[in-house]
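Novice: Dropping the sequence and predicted coords here.
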Amino acid sequence: MIRTMEQRDLAQCGAVYAQAFPVEHWGIDWTAENATEYLRDFYEQKRFVGYVYEESGEVAGCLFALCKLCGSQKELWINEMAVLPGRQGQGIGKQLLDAAKAYSRENGLAGIVLYTSRFAPAAKFYESNGFQLSEGTICMYFG
């Protein structure tokens, strides 16, 4: 079932995240501990919005987002979403996105924004759930 995230969920979300983003595919050495700390930074933000998919007390998926003011409009920015690898393709990610979409509608937000890798299967997943490629937006990096 989908429910609003609570602080007690962070450690399980960190474990899910570390499994969903393995170093061999993403180039980042996530452990449950450093992923938990990474996700805690989002959780502690003033306008945090988060959901977990839970079965029998175990978290199998999570979504971390922030409600941001962009000019005169508010948008929901999805920072991270993860589903256990063995549970992907079972509708958990769709349910998490549906919860975010419902939050956006219920709060009169202008829309939902997220970034993902062009080379990851996630792009096709987001497209199949109604997201579109943003024209005119580029991601830049220094480092």
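Specialist: Perfect, I can see it now.

Novice: drop to CA atoms for contacts and neighbour counts, all remaining ones
Specialist: Will do.

Novice: Which of the three states applies to the spatially most central residue of the chain?
Specialist: Nearest residue to the geometric centre of the chain (Cα atoms, centre = their mean): Met81, 2.4 Å. Classification of Met81 using DSSP: H, G, I helix; E, B strand; the rest coil returns strand.

Novice: partner residues bridging it?
Specialist: Beta-bridge pairing of Met81, defined through DSSP bridges, involves Leu63.

Novice: from what I can see it touches Gly61, true?
Specialist: Yes: judged on Cα atoms under 8 Å, Met81 makes contact with Gly61 at a distance of 7.5 Å.

Novice: which stretches of the protein form strands?
Specialist: 2-4, 48-55, 58-70, 73-83, 112-114 (DSSP state E).

Novice: picking that back up, quick check: neighbours shared by Met81 and Gly61?
Specialist: Gly93 (Cα atoms under 8 Å, 6 or more residues apart in numbering).

Novice: low-confidence ranges in this structure?
Specialist: Counting by pLDDT under 70, the ranges of the chain that qualify are 138, 140.

Novice: re earlier: select, out of the strands of the chain, the one closest to Cys13.
Specialist: strand 58-70 (6.2 Å; Cα to Cα).
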